[in-house]
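J.: Structure, please.
(chains A, B, C and D)
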Protein chains: 4
Amino acid sequence: MAGPSTHGLFARLKAAAADDWRAYVEHDFVRALADGTLAEASFRHYLEQDYLFLIQFARAYSLAAYKADDLAGMRAATAIADGLLNVEMRLHVDYCAGWGVSAAALEALPEATATIAYTRYVLDRGQSGDLLDLMAALAPCVVGYGEIGARLAADPATKRDGNPYLPWIEMYSGADYGPVAEAAVAELNRLGEQRATGPRMPALVRTFRTATRLEAGFWQMGLDRAM
Amino acid sequence: MAGPSTHGLFARLKAAAADDWRAYVEHDFVRALADGTLAEASFRHYLEQDYLFLIQFARAYSLAAYKADDLAGMRAATAIADGLLNVEMRLHVDYCAGWGVSAAALEALPEATATIAYTRYVLDRGQSGDLLDLMAALAPCVVGYGEIGARLAADPATKRDGNPYLPWIEMYSGADYGPVAEAAVAELNRLGEQRATGPRMPALVRTFRTATRLEAGFWQMGLDRAM
Amino acid sequence: MAGPSTHGLFARLKAAAADDWRAYVEHDFVRALADGTLAEASFRHYLEQDYLFLIQFARAYSLAAYKADDLAGMRAATAIADGLLNVEMRLHVDYCAGWGVSAAALEALPEATATIAYTRYVLDRGQSGDLLDLMAALAPCVVGYGEIGARLAADPATKRDGNPYLPWIEMYSGADYGPVAEAAVAELNRLGEQRATGPRMPALVRTFRTATRLEAGFWQMGLDRAM
Amino acid sequence: MAGPSTHGLFARLKAAAADDWRAYVEHDFVRALADGTLAEASFRHYLEQDYLFLIQFARAYSLAAYKADDLAGMRAATAIADGLLNVEMRLHVDYCAGWGVSAAALEALPEATATIAYTRYVLDRGQSGDLLDLMAALAPCVVGYGEIGARLAADPATKRDGNPYLPWIEMYSGADYGPVAEAAVAELNRLGEQRATGPRMPALVRTFRTATRLEAGFWQMGLDRAM
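T.: Okay, here's the model as predicted:
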């Protein structure tokens, strides 16, 4: 995605929020995933909250389908909501089962403040703004996970043998996830061409930066649990 | 659906709006479909507007997925939105092609006032109220079409030979549509048990009655075109 | 408002929807107000529905306050909602009393399809789009009434002696209403500078044009009542 | 407010969330306000974030005006939004000026995670549910502050001489604030009679409890700053 990703709206937002982006994708939680030193309690807490997070993200994509102003946009957002609800969440349940966390336990968990803050911020940007405001708030998650997965998979320093978090790295660097992240960049760039304009950039940067900070806060929530 | 349909919320709403319900399901447009005397211009105008209507109904079910407060509700609403966008609308395009109306022509049509009034009323009830308010506004369409289809199919007076509208009657009395209407009644009744209460009934009846009146107005829009 | 109104977003939208704009501001209903020939039944029906319309417009400005992204915008929208609820609607009640329509009667009226179509279209554009989409949908009403009032007041052909609709003309050409319409143009132009961009124009024009058509439909609803 | 407050919806919600309520109204931050030992850095951070919080609460009441289904409800919510924007926020600016924090500095502050979590949770409950869901999420703030103010003012152990936080206690125990909290209880109870029903209680309790937890988190955010 060389062309669009270096000139499009996503690249401009990422450049404008460079420090926050780095603090997110290079967070200590990510380093500890890569070298396998992450405390199991941290990962489990992250994983549980990520399940609750996905429920809210499915709501966000349903909202995107409601807000899209053509059939192509409605179909794309509905397909993502459907994928989250019927594929990703079931994978998550399977994955959590491997960590001894049952589906019933997942459903009964209270949301952590970091989870509420991030997800409800995204939903409120979506309701109060237009589809572009919503997509700018969703992008750090969808695209950032792809970037993290690809970097860790390509880095020879990433521990492979005996790293219990290797399946997580493989999931987000794998052939299934790459196109999801690329499609999110392409959609954001397309909306940027249709709806972004110079004077709108400060507000879009603020949204993107806040969402990126809240992503970093989500990692931190995981680390804090281990203490 | 004997039990639920006679005691549940849908049956109570229908009973409370009995005159409007009859004016809708026994509208002259429906009679003219049954005896094959409906002017082709009326049917075509109805069919074209119904396509634009389905786009807004897919938006309404996406909104329902956003508003549902459990995974089962989110999955059910997303499945309906997906079915509308990827099955019903394509069937509609095929059906319209048989009447000489292309997909491109459908997309380019302006919405009639009757279409705007009904669909945006439903969406606004959905945004301003809760999931039950939204479902009460959606019910007259989904359930009414099934009732009309079943009655016309069962009525020996319905013209079959040479009735150009027989495929329409067969669609809404068929094995595919019946469960859709039954599921809508069941979901409304379930929400009614969870969220309806005596003092809420007048507002729910007002919503249901208004939506029913707007359905009748949609038929009338078709008839008016022939004149 | 020479400068902004000829170069800003409002002027561009009005130019792009010129035919629909003319059909609205020069509607037969307006001509009949000017020459005093409008049937009383038409005016009364219009007036009653306009009251229900104002309720929905107050909701639209409350939504604008929710969607504004700075305190100035929130305060401006809240002031308009407050003015509609506590000044305009009470004036309306007084005015209707003069036509023999009580406040209680106003509250109990069902909304006409033309009223539902216009108001819920505006609210849905507001919820699904951003503040600019909402304001583009609100503009034809607020600004058009000022334009109609000013034109009729300046036109020597407007009947004055014995015209029962002179108070209506005086209200919308008066010193109180002018600044309201000018403020709406200025706000739309300001949002246009912040949030509109070339590729967004077709969608904004579609919104503005649809709202203008629905305004004309509102006049027509009044005329139809007399028949 | 003896009658309504012991039997109405508010009293039932508070009883169902008793532990969380106590953790909120008896939080260490509150104790430290009462005995004057709260670190100035904690209070200032709280005060700054509370300003950003009020902006979002004004948005929530604008949303309530949009969602209200009668004129009385619309007027009540609009009056609260107006009061927040034009009275409370200006008082806040004056109050902060006394702590050396300028209005310009307030506007430029980033929101803390605790602020985002609470406010956006309330707004999302409001958009996804009905007016009652929104009011259940707003109640812990409005009513809790009144309860805290009254208790501290009545408690002989509260330090008065030389307590820099006495103006805060006086504000929330004063003649102006009491009726605000009582009106919020009355409105919640009224909506409870109209829209609550047995099966809805678990979801309402969950909303109320989550909002109460997030209020406690807001105090904790203040305390954490001092460290």
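J.: now chain A, which segments are flagged as low pLDDT?
T.: For chain A, applying pLDDT under 70 flags the ranges A:1-6, A:226-227.
J.: and with 90 instead?
T.: For chain A, the stretches flagged by pLDDT under 90 are A:1-7, A:69-70, A:87-92, A:94-108, A:176-180, A:194-201, A:222-227.
J.: So which residue is dead centre in it?
T.: With distances taken as C-alpha atoms, centre = their mean, the residue of chain A nearest its centroid is A:Cys141 (1.9 Å).
J.: and that residue, what helix or strand is that in?
T.: A:Cys141 belongs to helix A:131-154 when assigned by DSSP states H and E.
J.: Next, see if that helix gets close to chain B.
T.: No - Helix A:131-154 lies out of reach of chain B by C-beta under 8 Å from any C-beta of the partner chain, never closer than 11.3 Å. No exception for glycine: its C-beta is placed from N, CA and C like everyone else's.
J.: buried set for the next helix or strand after that helix?
T.: Remark: after helix A:131-154, the chain's next helix or strand is helix A:166-173, criterion DSSP H and E. For helix A:166-173, the neighbour count (16 or more other C-beta atoms under 10 Å in any protein chain shown) marks A:Leu166, A:Trp168, A:Ile169, A:Tyr172, A:Ser173 as buried.
J.: Identify the residue spatially nearest to the fourth one, adjacent ones excluded.
T.: Nearest-residue entry for A:Tyr172: A:Gly149, 2.8 Å, with adjacent residues in sequence omitted and distances by C-beta to C-beta, 6 or more residues apart in numbering or on different chains.
J.: For the one you found, give its distance to B:Gly162.
T.: For A:Gly149, the distance to B:Gly162 equals 63 Å [C-beta to C-beta, to the nearest Å].
J.: Check A:Ala58 too.
T.: Taken as C-beta to C-beta, the span from A:Ala58 to B:Gly162 is 49 Å.
J.: and those two? which has more neighbours close in?
T.: A:Ala58 (26 against 7; other C-beta atoms under 10 Å in any protein chain shown).
J.: Any residues of chain A in contact with chain D? List them.
T.: Residues of chain A lying near chain D (C-beta under 8 Å from any C-beta): A:59, A:110-111, A:113-114, A:116-117, A:120-121, A:123-124, A:127-128, A:210, A:214, A:217.
J.: In these, which residue is surrounded by the most others?
T.: A:Ala117 leads the residues of chain A next to chain D on contacts (other C-beta under 10 Å) with 30 neighbours.
J.: residue contacts, it?
T.: By C-beta atoms under 8 Å, 6 or more residues apart in numbering or on different chains, the contact list for A:Ala117 reads A:Leu214, A:Gly217, D:Thr113, D:Ala114, D:Ile116, D:Ala117, D:Arg120.
J.: Now do the contacts for the fourth one.
T.: By that I understand D:Ala114. Listed by C-beta under 8 Å, 6+ apart, the contact set of D:Ala114 reads A:Thr113, A:Ala117, D:Gln49, D:Leu214, D:Gly217, D:Phe218, D:Gln220, D:Met221.
J.: Adding distance to D:Leu204, write those residues out as a markdown table.
T.: Listed next are those as a markdown table, based on distance: C-beta to C-beta, whole Å:
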| residue | distance to D:Leu204 |
| --- | --- |
| A:Thr113 | 21 |
| A:Ala117 | 22 |
| D:Gln49 | 27 |
| D:Leu214 | 16 |
| D:Gly217 | 20 |
| D:Phe218 | 21 |
| D:Gln220 | 25 |
| D:Met221 | 26 |
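J.: wait, which of those residues is closest to D:Gly8?
T.: D:Leu214 (22.8 Å; C-beta to C-beta).
J.: If we ignore the residues flanking it in sequence, what's nearest the closest one?
T.: Nearest to D:Leu214 is D:Tyr118, by C-beta to C-beta, 6+ apart, at 3.9 Å.
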